[in-house]
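Asks: heads up, no residue letters with this:
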């Protein structure tokens, strides 16, 4: 961190420029030189092949024909008029995107765009997001309508069996699920029923709470006005004496369902998805776990001779779980031996007081398991008394090097279940190098998500789901090789 502070106070940052501004400038510089070839749906659903270019200076999108350079076949769309971008994860083959724009004189217009790959679509969306902050992004039904409260779209049965679209909002700081104009439910009191046979469907059982709104207020405004939300909800529950209701939801894809269910579970546990100040993970038994994830591209170097030199990196036993990712590590045995010796000499301040103290030759932490892909490794050390509570350990690797065969680039992952209730996974990666290969790095990410989900690590916990939605907690770290010009 001290090195980062030195960089931030030097060069361009002396003029008061933020990291965000420099990142946006870096992306703008690359995107101005990128031409996207896409299919755009036209008359009667016919798809025409076009090229799209983002102009970061004038902040506009230029759509033109692939075969003609005539200005008559060119359309300019100001980014200021783009209201919404919807990325459809349920149609991943076509890498589809809907762009909704409005000019001063026209009504809403929707461009149905299909990219050649998910990586291109992601680069395009990320670039627009950096160039302007006024556009509403919807990724497979999830969006941040007010910058804080994540909202989801789903279908729910209505009258006469006809399904209607519902908008669900999660007020993480208040622990409330919003559905409809006036109704909320406490996340911690809800029962979530997952339909195994129908991966897009989810059923909820809860007691509905009607919120008395004033004027043009919405639920978010009501929450902001309350000094003590819990007390107000308690009062409303006591007054209304509601009975248990059932709500069956159908999402656009299994990904969307798991994204919503994961956020709802986190909300029920009191975890604010928008709050990064929480430093521990709460287990259902009430215990808090501290997890340290660290990554190190060692450049084929071995470990330091002195154990004390590892203290600045690993903080001497202050955590319950250590997940250590290595890249370019051709000295696996030396590193594992040195780390095992280091944890064998560490104190264990987080060991429960109800357990007997450790003996002089008992290690504070032990090696749980490791996952290896060539010189890409992840080692997981856990507090010694935790090991007996961990089951279903599984590993997986995905190579993204040449032809997706060579393992000089790729990912190595390790997953497990603790107390037979909570699943965790740790993944370290080494992505393609060089500043100009951002789209290749995005493809590395997507390949790992897709292939790791079909490996052992994906099958044992949530079969059929993508890797990044198959665990209660996923930690992904490594040498991603992204470049930021400073």
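Replies: Arrived safely, thanks for sending. Just so it is clear, the structure is predicted and the values come from calculations on it, not from any experiment.
Asks: can you map out the strands along the stretch 201-350 of the chain?
Replies: 201-206, 209-210, 245-250, 281-282, 288-289, 291-297, 321-327 (DSSP state E, counting those that start in this stretch).
Asks: give me the number of residues near the closest residue to residue 61 other than its chain neighbours?
Replies: With CB to CB, 6 or more residues apart in numbering as the criterion, residue 61 has its nearest non-adjacent residue at 4.4 Å, and that residue is residue 77. (C-beta placed from N, C-alpha, C; glycine too.) Counted with other CB atoms under 10 Å, the neighbours of residue 77 add up to 17.
Asks: domains in the protein, by residue range?
Replies: 19-139, 144-268, 281-479 (automatic domain parsing).
Asks: circling back: surely the residue nearest to residue 61 and residue 101 touch.
Replies: Yes - if you go by CB atoms under 8 Å, residue 77 and residue 101 touch, sitting 5.5 Å apart.
Asks: give me phi/psi at residue 123?
Replies: Per-residue torsions, residue 123: phi -60, psi -40 (degrees, to the nearest 10).
Asks: show the model's pLDDT score for the residue lying closest to it once chain neighbours are set aside.
Replies: Among residues not flanking residue 123 along the chain, residue 439 sits closest, at 5.4 Å (CB to CB, 6+ apart). Note for residue 439: predicted pLDDT of 79.
Asks: so residue 439 makes contact with residue 118?
Replies: No - Residue 439 is beyond contact range of residue 118, at 10.1 Å (criterion: CB under 8 Å).
Asks: more crowded one of the two?
Replies: Using other CB under 10 Å, the more surrounded residue of residue 439 and residue 118 is residue 118, with 22 against 17.
Asks: how far away is the more buried one from residue 300?
Replies: For residue 118, the distance to residue 300 equals 33 Å [CB to CB, to the nearest Å].
Asks: again with residue 333
Replies: Separation of residue 333 from residue 300 (CB to CB) stands at 14 Å.
Asks: what of residue 341?
Replies: From residue 341 to residue 300 the distance is 21 Å (CB to CB).
Asks: more neighbours, the two?
Replies: Between residue 341 and residue 300, residue 341 has the larger neighbour count (other CB under 10 Å), namely 13 against 10.
Asks: can you tell me the SS state at residue 37?
Replies: strand (DSSP: H, G, I helix; E, B strand; the rest coil).
Asks: now it: closest residue in space, sequence neighbours ignored.
Replies: Excluding its sequence neighbours, the residue lying closest to residue 37 (CB to CB, 6+ apart) is residue 51, at 5.6 Å.
Asks: isn't the one you found up against residue 61?
Replies: No - Residue 51 lies out of contact with residue 61 (CB under 8 Å); the separation is 11.2 Å.
Asks: quick one, which of the two is more surrounded?
Replies: Looking at residue 51 and residue 61 with other CB under 10 Å, you find the greater number of neighbours at residue 61, namely 23 against 15.
Asks: low-confidence ranges, this protein, go.
Replies: The chain contains residues with pLDDT under 70 at 1-33, 68-71, 89-94, 104-105, 144-148, 271-278, 453-466, 484-486.
Asks: where do the helices sit along it?
Replies: Using DSSP state H, the helices of the chain run over 2-8, 19-31, 118-131, 219-225, 229-240, 254-268, 311-314, 332-344, 438-452, 456-459.
Asks: could I get those helices as TSV with distance to residue 183?
Replies: Converted to TSV, the helices of the chain look like this (distance: least, CB to CB, whole Å):
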stretch	distance to residue 183
helix 2-8	45
helix 19-31	37
helix 118-131	32
helix 219-225	8
helix 229-240	11
helix 254-268	16
helix 311-314	48
helix 332-344	51
helix 438-452	35
helix 456-459	36
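Asks: roughly how far apart are residue 396 and residue 481?
Replies: For residue 396, the distance to residue 481 - CB to CB - is 21 Å.
Asks: which one's more surrounded, the two?
Replies: residue 396 (25 against 20).
Asks: and the closest residue to residue 246 other than its chain neighbours, bridged to which residues?
Replies: In space, and not counting its chain neighbours, residue 246 is closest to residue 205: 5.6 Å by CB to CB, 6+ apart. Legend: beta-bridge partners of residue 205 under DSSP bridges are residue 191, residue 246.
Asks: list the contacts for residue 223?
Replies: Taking CB atoms under 8 Å, 6 or more residues apart in numbering as the criterion, residue 223 is in contact with 171, 173, 174, 176, 229.
Asks: also residue 296?
Replies: Residue 296 makes contact with 313, 324, 325, 326, 327 under the criterion CB under 8 Å, 6+ apart.
Asks: mind putting those residues into CSV with distance to residue 224 and neighbour count?
Replies: Below are the contacts of residue 296 laid out as CSV (distance: CB to CB, whole Å; neighbours: other CB atoms under 10 Å):
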residue, distance to residue 224, neighbour count
313, 42, 13
324, 42, 23
325, 40, 27
326, 46, 26
327, 45, 23
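Asks: could I get those as JSON lines with distance to residue 371?
Replies: Output for these, formatted as JSON lines (distance: CB to CB, whole Å):
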{"residue": "313", "distance to residue 371": "20"}
{"residue": "324", "distance to residue 371": "11"}
{"residue": "325", "distance to residue 371": "10"}
{"residue": "326", "distance to residue 371": "11"}
{"residue": "327", "distance to residue 371": "13"}
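Asks: farthest-separated two in those?
Replies: 313 and 327 (15.1 Å; CB to CB).
Asks: touching, residue 256 and residue 141? I think so.
Replies: Yes - assessed by CB under 8 Å, residue 256 is found in contact with residue 141 at 4.3 Å.
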